[in-house]
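Visitor: This is a predicted model, with the sequence first.
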Amino acid sequence: MPIRAVLWDIDDTIFDYARADRAGMQRHLEAEGLVDGYDSVDQALGRWREITDQHWARFSAGETDWQGQRRDRVRSFTGRPLGDGEADDWFQRYIVHFEAAWSLFPDAVPALDLLADGYRHAVLSNSSLHNQDRKLRVLGVRDRFEAVVCAAELGVSKPAPEAFHAACEALALPPEEVAYVGDQPDIDAQGAVAAGLTGIWLDRTGLGGRPELTRITGLAQLPGLLRRDTRFGAPDTFR
């Protein structure tokens, strides 16, 4: 069966999360007087991302809730036994700086434009609906997507097949008629394939090394790939 819809990841796929995170953290550290605690902003950001991965794994395993993992990230990062309200306030101050740096990748809207007529579109994200729906609205692309499906509300996250299937159900399409595009080879592309979708790895940094995956290095390649629709025996130039 032909591909009829595209499911999209958001962060580091259409939204330049890494750049916004770095800029937001730099401004936040400066505002909080925490710059001296690290040798560089990159070191601080590396620690923040390590902590984020750690507590996201706990959330994915059902050991904490969405707000709990945020609070624990703040406590781990600051090394202080903050109360819930204090941790929430700290995170909210960071979010202000983070949001000030939000932007789409330059190839996101052109790709969506080229695919607008031939395919339906939705989002599947390992985040919360509150965060991602608002993000898409601020970035001016929420109306491009029929549905926004997120892990925090589902209670299950990528790469679990149930997450991909829930998004397919939101589109009322079987998995074999849906392609998934994301920046993570295992969580996104391989997870989609295991769930019966067509998985596409957006390898913006040119990492390579996963010949079993359909890979593109930019969204400008996506329309041509979809329209060839060889059940994603993608051309070698995309691998």
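Guide: The structure has been received and is ready for your questions. Residues are numbered from 1 along each chain as shown.

Visitor: Can you identify each of the strands in the chain by residue range?
Guide: Taking DSSP state E as the criterion, the chain contains strands spanning 5-8, 120-125, 148-150, 178-182, 198-202, 214-216.

Visitor: Figure out which of those is closest to residue 106.
Guide: strand 198-202 (13.8 Å; Cβ to Cβ). Using the backbone N, CA and C atoms, a C-beta is placed for each residue, glycine as well.

Visitor: and that closest one, what does it pack onto?
Guide: Counting by 3 or more Cβ pairs under 8 Å, 6 or more residues apart in numbering; DSSP states H and E, the packing neighbours recorded for strand 198-202 are strand 178-182, helix 191-194, strand 214-216.

Visitor: what sits up against the first one?
Guide: It refers to strand 178-182. 3-9, 13, 124, 158, 164, 167-168, 171, 188-189, 191-192, 197-202, 219, 222, 226, 232 (Cβ atoms under 8 Å, 6 or more residues apart in numbering).

Visitor: hmm, try it at 6 Å
Guide: With contact meaning Cβ atoms under 6 Å, 6 or more residues apart in numbering, strand 178-182 is reached by 3, 5-9, 13, 168, 188, 192, 197-200, 202.

Visitor: Count the residues that sit near residue 112.
Guide: 21 (other Cβ atoms under 10 Å).

Visitor: Apologies, that question was intended for residue 152.
Guide: Neighbours of residue 152 using other Cβ under 10 Å come to 19.

Visitor: Can you find the helix or strand in this structure with the smallest mean pLDDT?
Guide: Least confident helix or strand of the chain, by mean pLDDT, DSSP states H and E, is helix 41-60 with a mean of 88.

Visitor: Brilliant, that's me finished.
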